[in-house]
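J.: Show me the folded form of this:
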Amino acid sequence: MHQLTENDRICTLALIHTPGIGAVTVRQLISYCGGAGNVFNSDYKNLIKIPGVGEKVVRAVLAKEAFAMAEREYSNCQNSDTRLHFYSDDTYPSRLKPLYDSPVVLYSRGDFDFNVGRTVGIVGTRQISEYGKAVTESLVKDLGIYQATVVSGLAYGVDITAHRACLKNNLPTIGVMASGLNVIYPVSHRKTALEMQQLGGIVTENALATKPDFMRFPARNRIIAGLSDVTIVVESASKGGSLITVEFAQNYHREVFAVPGSISSPQSEGCNNLIRDHKAAIFTSVQDMAVSIGWGLEEEPNAKVQQRDFAQITFEGFTQDEGQILALLKQNGTIQIDELSWQSGMHLNRLASLLLNLEFQGMVRSLPGKKYGLI
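T.: Numbering: from 1, shown residues only. Now for the predicted structure:
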């Protein structure tokens, strides 16, 4: 995949931090101009022709007000062990790349790879009960045998309980923040955030010094949902941020489970409603969930053996499109159908039909999280 130059990275940061320009518009500008650097080298006449780009956006780009800030931000990241994951980078989360509202760049600190293994989002109320705490700690412990990485939001209640249970059980965990990496929120979780960077880490789409405000939390929740193969709601009131995460997960066609609770408990009202309305499957145990979504214990230990077998596969006797799919699966190992559609350039309906045919031929297997891999 094409790697950005340093100038393109700085120019991308400048676009992101230009007032009034969102992630979708940034990608539109970069796509039509052939690079972030080319956006700033374009004139009014060319920019105004880009679909979805109006007068206000063009004026903001031409003003280049965010460029100096972007240069400082890039330098500060280089000097603070902060990794930048741009949309076109190999290190950018493959789970996010196909999503229409994915961030153009992510900031991270820690020791983890976005694109390996299984991921589970654990979310819920800030007013966690003893029941919710016990369930969270138990399910995190049970996730260990599936080698899953836990994703949550570093908030009070369910989030921090999940993160700390991961540290206790030596399980990787990623905290998605609504602030910048230099502004740990809440402050009382700073120690945990630092410990997480030894086995997992923290991530955000916001500039280093960004303070959390109300609108950044729903945006944070979409990243939690996007990074997770499956989302589990432990406890939730009838309204709350975790239910927003569920909406995003459903829009992204990800699995959602909810832990049932007492009908008299306000903390379980949201979970019970999700189950009642068939918006989430009932969570009874990690083992039952694994069976439901098709997780097997043998997949990870055999991964290296399977990769050796893949080297012997030839694509004779398959159509051109089938051969392209098999080649991409051989190259990527396991891959989500949305990412496979993006890499192959095939429409999802056409791709799904071809994958089904390849399953019938014993070449491809479907995996949880709408992933596919070679047999």
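
J.: so how far is the first residue of stretch 58-70 from its last?
T.: The first and final residues of stretch 58-70 sit 18 Å from each other (Cα to Cα, to the nearest Å).

J.: Check stretch 202-213 too.
T.: 18 Å.

J.: quick one: average pLDDT of it?
T.: Mean pLDDT, stretch 202-213: 95.

J.: List the contacts of stretch 11-30.
T.: When contacts are defined by Cβ atoms under 8 Å, 6 or more residues apart in numbering, stretch 11-30 is touched by residues 4, 35-37, 39-40, 47, 50-53, 56-57, 60-61, 64-67, 69-70, 73-74, 86-87, 100-105, 207. Where you see a C-beta, it was placed from the backbone N, CA and C, and this is true even at glycine.

J.: Just the buried residues of it, please?
T.: For stretch 11-30, a neighbour-count test (16 or more other Cβ atoms under 10 Å) marks 11-18, 21, 23, 25-30 as buried.

J.: backbone phi and psi for G200, please?
T.: phi 120, psi -140 (degrees, to the nearest 10).

J.: Is it correct that it is in contact with T173?
T.: Yes - because the distance of 4.2 Å satisfies Cβ atoms under 8 Å, G200 is recorded as touching T173.

J.: Between these two, which contacts overlap?
T.: T149, C166.

J.: who's more crowded, those two?
T.: Using other Cβ atoms under 10 Å as the criterion, G200 and T173 rank with T173 on top: 29 against 22.

J.: Skip the chain neighbours and tell me the closest residue to G201.
T.: G110 (1.7 Å; Cβ to Cβ, 6 or more residues apart in numbering).

J.: The one you found belongs to a strand?
T.: Yes - under DSSP: H, G, I helix; E, B strand; the rest coil, G110 sits within a strand.

J.: Next one, pLDDT for it please.
T.: According to the model, G110 carries a pLDDT of 96.

J.: Next up, the contacts around it.
T.: Contacts of G110 (Cβ under 8 Å, 6+ apart): I174, M196, Q197, Q198, G200, G201, I202, V203.

J.: if you set the cut-off to 6 Å instead, what comes out?
T.: Contacts for G110 were tallied using Cβ atoms under 6 Å, 6 or more residues apart in numbering; they are Q197, G200, G201.

J.: how close does it sit to D90?
T.: Applying Cβ to Cβ, to the nearest Å, the value for G110 to D90 is 18 Å.

J.: Likewise for F112?
T.: Distance of F112 to D90, given as Cβ to Cβ: 15 Å.

J.: what about those two, which has more around it?
T.: Taking other Cβ under 10 Å, F112 and D90 do not tie; F112 has more neighbours (20 against 9).

J.: Phi and psi next, for that one.
T.: Here is the backbone geometry of F112 (degrees, to the nearest 10): phi -160, psi 160.

J.: How is this protein divided into domains?
T.: 1-79, 108-293, 303-374 (automatic domain parsing).

J.: Give me the contacts around the host helix or strand of I223.
T.: Using DSSP states H and E, the element containing I223 is helix 216-227. Residues from elsewhere that reach helix 216-227 (Cβ under 6 Å, 6+ apart): 93, 95-96, 99, 119, 121, 151, 153, 176, 178, 231, 241, 244-245, 248-249, 252.

J.: and if you look at stretch 56-64?
T.: Here stretch 56-64 makes contact (Cβ under 6 Å, 6+ apart) with T18, G20, I21, Y44, L47, I48.

J.: The last one - nearest residue in space that isn't next to it in sequence?
T.: Read that as I48. V58 (5.3 Å).

J.: burial measure for that neighbour, as a count.
T.: V58 is flanked by 20 other residues according to other Cβ under 10 Å.

J.: circling back to that earlier point, out of the contacts of helix 216-227, list just those in strands.
T.: Of the contacts of helix 216-227, the ones assigned to strands by DSSP state E are T119, G121, V151, V176, T231.
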